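J.: mind looking at a prediction? Sequence and model below.
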Protein chains: 2
Amino acid sequence: MISIALDAFGGDFAPDVVVQGAINAVNSSEGKFAVVLCGPEAEVKAKLKQFGYEGKLIQVVDAPELVAMDDHPTEVLRKKQNSGLVMCVALQKKGLVQASVSAGNSGAMMASCLMILGRTSENFARPPIGCILPTAAGQCILVDAGANVDEKPVVLKDFALAGSVFAECQLGIQNPKVGLLNMGEEEKKGPASVQEAYQLLKNAPVNFIGNIEGRDVVIGKADVVVCSGYVGNVLLKMYEGFYELHQKMFGKIDSEAGKKFNEAFDYRNAGGALLLGLKGTGIIAHGRSDAKAIEQAVKVAYAFAENKVPEKVGQKLAGIEA
Amino acid sequence: MISIALDAFGGDFAPDVVVQGAINAVNSSEGKFAVVLCGPEAEVKAKLKQFGYEGKLIQVVDAPELVAMDDHPTEVLRKKQNSGLVMCVALQKKGLVQASVSAGNSGAMMASCLMILGRTSENFARPPIGCILPTAAGQCILVDAGANVDEKPVVLKDFALAGSVFAECQLGIQNPKVGLLNMGEEEKKGPASVQEAYQLLKNAPVNFIGNIEGRDVVIGKADVVVCSGYVGNVLLKMYEGFYELHQKMFGKIDSEAGKKFNEAFDYRNAGGALLLGLKGTGIIAHGRSDAKAIEQAVKVAYAFAENKVPEKVGQKLAGIEA
């Protein structure tokens, strides 16, 4: 059976929502997978008891150290090996679980997955978060949604490769259109790093459609949106803000369009996003996750692990680079 | 009478929408202001004739050179002094008009206003576009919405000062809350330049509330959102995309909320945004402006010039820096 490791103390509302989310996930999944909660054992077990879980599908592994949101990623990996975050990935490396999920420090999760699980290709420098976003035309992949910062242009090119194969594997889009997020369509617009990335992308083995703007992302002009993790994170969180603003202005709209909008735009339905270019399934969940979002993140992790999505992405990436 | 200079060939759909927008603006404003269209004279006059304008409130000044969207800003200023864009600002410097509007190359417009009109304070390096955005809580000021790129941290601090006084003068908010756009709330998150700006803002004479995220912008957590022109432009254009997506999904919602949403989110109602920290009113309109957006941009320019907003912002900026 597939097991999912879950960072019990990761996220703004941990451990309560994480433990509750884990319970909801196993209770609604007919025994398809088990969950391993990594965190301070006594506290996690007390929460399981408090929430009335007595089943066999959730185990607890003791990981007493805590990771703060502003801990430096590589410091976490070096100095906090007994944290829930690092423990999840270490269990995965040993083959005891098939995926790891954290709603905690996303940079630390990326660094841990990168260093412990390893990348699928030596040519691939920095794994980005590949996030599926709703658009007016359907869905697109956003890379990077926040794992990296201050990337060199060649890293943005890697994001494009990884996003492109992810769109093929996950969304089933052949030859996906790759757009570079910028402040104008012209080659010479935007930050120097984006202008350099444009030149690299012109010669990269992807279907590069040039620069796209913020509007184009939402409209669905591209299947893959490439940008720095900083900008990608702002963009992703704006989606969340617009959903909340919409709820505030219009309430629950009881029509087909209203249901479709809620389904697509409520960030909790996405649950978590996949780190791309890694040997294994590492899932970043939203720091603000509630129990529903954590439940979805665990289910997303299960789906990616079951369908061997990281392996497929890795094979395609290796094929492109050959 | 106040006159507004308008770059007749600036924007994706110029000159048609610019000329039509100018006609609509003067026809619906009871002679409050005149418009001076700067562009290739024969073509602009032919358009005026084509659209049936025979009044006295629109003049044409010949400016035969054209500015491309990817022309380098300072090159435009040096080599294309007979373009509509530069001509507008030059007329303003001479006192022949009281404001300039362009929907063309925004970097070139910023550079022209900066070099020809001058900044209000020598301490203030780079004028940003201060744009009024709707939020779930009301309105906020976005600085910079796209005039600059690859800014140094001290420039982001200047954006905060300018945005803060603009929020006071234009939105009437006392001691406005200034947020720095980032990918997490923690001081040590985000790009190096944003982290450095954070430290400068802690000691700046503004009501700095720390880092804010994309969600917080839309929710209305801050009165002033400070970010690079690159990110600000992406953010602004995402608003546009969400409006279009909303129209596509829900059509025209015929309720109070629906009307309020359309009024606030249709970018054409904003028309144009003010360059901050300049000796005079320089307005950047959207490159995709249609005639309605141009009409609004001209009216916005009139309002800023009539109310002497740039002068008030300049006085407050000087007061802060003293």
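T.: Nice, I can see it. Residues are numbered from 1 along each chain as shown, chains lettered A, B, ... in the order given.

J.: quick one, what contacts A:Gly20?
T.: Small correction: residue A:20 is Gln, not Gly. A:Gln20 makes contact with A:51, A:291, A:294, according to Cβ atoms under 8 Å, 6 or more residues apart in numbering or on different chains. Bear in mind the C-beta positions are built from the backbone N, C-alpha and C, glycine included.

J.: gap between the second one and A:Phe13?
T.: Read it as A:Ala291. A:Ala291 sits 9 Å away from A:Phe13, going by Cβ to Cβ, to the nearest Å.

J.: ok, these two, which is more surrounded?
T.: Taking neighbours as other Cβ atoms under 10 Å in any protein chain shown, A:Ala291 and A:Phe13 compare with A:Ala291 leading, 20 against 17.

J.: contacting residues for that one?
T.: So A:Ala291 contacts A:16-17, A:20-21, A:24 (Cβ under 8 Å, 6+ apart).

J.: from the residues you listed, pick the one nearest A:Ile116.
T.: Of all the contacts of A:Ala291, A:Gly21 has the smallest distance to A:Ile116: 23.6 Å, by Cβ to Cβ.

J.: you'd agree that closest one is in a helix?
T.: Yes. Counting by DSSP: H, G, I helix; E, B strand; the rest coil, A:Gly21 falls inside a helix.

J.: rewinding a little: most surrounded residue in the contacts of A:Ala291?
T.: Neighbour counts for the contacts of A:Ala291 (other Cβ under 10 Å) peak at A:Gly21, which has 30 neighbours.

J.: endpoints of stretch A:176-184, how far apart?
T.: End-to-end distance of stretch A:176-184 (Cα to Cα, to the nearest Å): 21 Å.

J.: got it, and stretch A:123-130?
T.: Stretch A:123-130 has an end-to-end distance of 18 Å (criterion: Cα to Cα).

J.: distance between that stretch and the chain's centre?
T.: Counting by Cα atoms, centre = their mean, to the nearest Å, stretch A:123-130 is centred 12 Å from the centre of its parent chain.

J.: A:Cys140 sits in which helix or strand?
T.: Under the criterion of DSSP states H and E, A:Cys140 resides in strand A:138-143.

J.: ugh, wrong one, A:Gly232
T.: helix A:229-250.

J.: please name every helix or strand in contact with that helix.
T.: Applying 3 or more Cβ pairs under 8 Å, 6 or more residues apart in numbering or on different chains; DSSP states H and E, one finds that helix A:229-250 makes contact with strand A:129-135, strand A:138-143, strand A:177-181, helix A:256-265, helix A:267-270, helix B:214-219, helix B:229-250, helix B:256-265.

J.: got these as CSV, with mean neighbour count and distance to A:Lys152 columns?
T.: Formatted as CSV, those follow (neighbours: other Cβ atoms under 10 Å in any protein chain shown; distance: least, Cβ to Cβ, whole Å):
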stretch, mean neighbour count, distance to A:Lys152
strand A:129-135, 23, 18
strand A:138-143, 24, 15
strand A:177-181, 25, 14
helix A:256-265, 15, 33
helix A:267-270, 18, 28
helix B:214-219, 24, 24
helix B:229-250, 23, 16
helix B:256-265, 15, 36
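
J.: mean pLDDT for the ones you listed: which is lowest?
T.: Lowest mean pLDDT within those: helix A:267-270, a mean of 88.

J.: that one near chain B at all?
T.: No. Helix A:267-270 does not reach chain B (Cβ under 8 Å from any Cβ of the partner chain); its nearest approach is 9.1 Å.

J.: quick one: contacts of that helix?
T.: A:131-132, A:239-240, A:243, A:263, A:286, A:289-290, A:292-293, A:296, A:300.

J.: ok, so of the residues you listed, who is nearest chain B?
T.: Minimum distance to chain B across the contacts of helix A:267-270 is 4.5 Å, recorded for A:Glu240 (Cβ to the nearest Cβ).

J.: hmm, that closest one is touching B:Gly214, no?
T.: Yes. Using Cβ atoms under 8 Å, A:Glu240 makes contact with B:Gly214 at a distance of 7.3 Å.

J.: would you turn the contacts of helix A:267-270 into CSV with distance to B:Ala108?
T.: Shown next, in CSV, are the contacts of helix A:267-270 (distance: Cβ to Cβ, whole Å):
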residue, distance to B:Ala108
A:Cys131, 35
A:Ile132, 38
A:Tyr239, 32
A:Glu240, 35
A:Tyr243, 37
A:Glu263, 44
A:His286, 40
A:Ser289, 45
A:Asp290, 47
A:Lys292, 49
A:Ala293, 45
A:Gln296, 47
A:Val300, 46
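
J.: which residue ranges of chain A form strands?
T.: A:2-7, A:33-39, A:58-62, A:99-102, A:129-135, A:138-143, A:177-181, A:207-212, A:224-226, A:272-275, A:281-285 (DSSP state E).

J.: any chance of these in JSON lines, with distance to chain B too?
T.: Converted to JSON lines, the strands of chain A look like this (distance: least, Cβ to the nearest Cβ, whole Å):
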{"stretch": "strand A:2-7", "distance to chain B": "17"}
{"stretch": "strand A:33-39", "distance to chain B": "21"}
{"stretch": "strand A:58-62", "distance to chain B": "27"}
{"stretch": "strand A:99-102", "distance to chain B": "14"}
{"stretch": "strand A:129-135", "distance to chain B": "7"}
{"stretch": "strand A:138-143", "distance to chain B": "12"}
{"stretch": "strand A:177-181", "distance to chain B": "6"}
{"stretch": "strand A:207-212", "distance to chain B": "9"}
{"stretch": "strand A:224-226", "distance to chain B": "10"}
{"stretch": "strand A:272-275", "distance to chain B": "14"}
{"stretch": "strand A:281-285", "distance to chain B": "12"}
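
J.: before we move on, back to that, pLDDT for the contacts of A:Ala291 - can I get that in a markdown table?
T.: Converted to a markdown table, those look like this (pLDDT from 0 to 100):
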| residue | pLDDT |
| --- | --- |
| A:Asp16 | 98 |
| A:Val17 | 98 |
| A:Gln20 | 98 |
| A:Gly21 | 98 |
| A:Asn24 | 97 |
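
J.: wait, which of those residues is closest to chain B?
T.: Minimum distance to chain B across the contacts of A:Ala291 is 17.7 Å, recorded for A:Val17 (Cβ to the nearest Cβ).

J.: could you measure the nearest residue to the closest one once chain neighbours are set aside against A:Cys88, distance?
T.: Leaving aside its chain neighbours, A:Val17 sits nearest to A:Ala291 (4.5 Å; criterion: Cβ to Cβ, 6 or more residues apart in numbering or on different chains). A:Ala291 sits 18 Å away from A:Cys88, going by Cβ to Cβ.

J.: what's the answer for A:Val298, then?
T.: With distances taken as Cβ to Cβ, A:Val298 is found 12 Å from A:Cys88.

J.: those two: who's more crowded?
T.: A:Cys88 (34 against 28).

J.: wait, what's in contact with that one?
T.: Neighbouring residues of A:Cys88 by Cβ under 8 Å, 6+ apart: A:5-7, A:36, A:38, A:97, A:100-102.

J.: between the residues you listed, which is closest to A:Ile253?
T.: The closest of these to A:Ile253 turns out to be A:Val101 (Cβ to Cβ; 31.6 Å).
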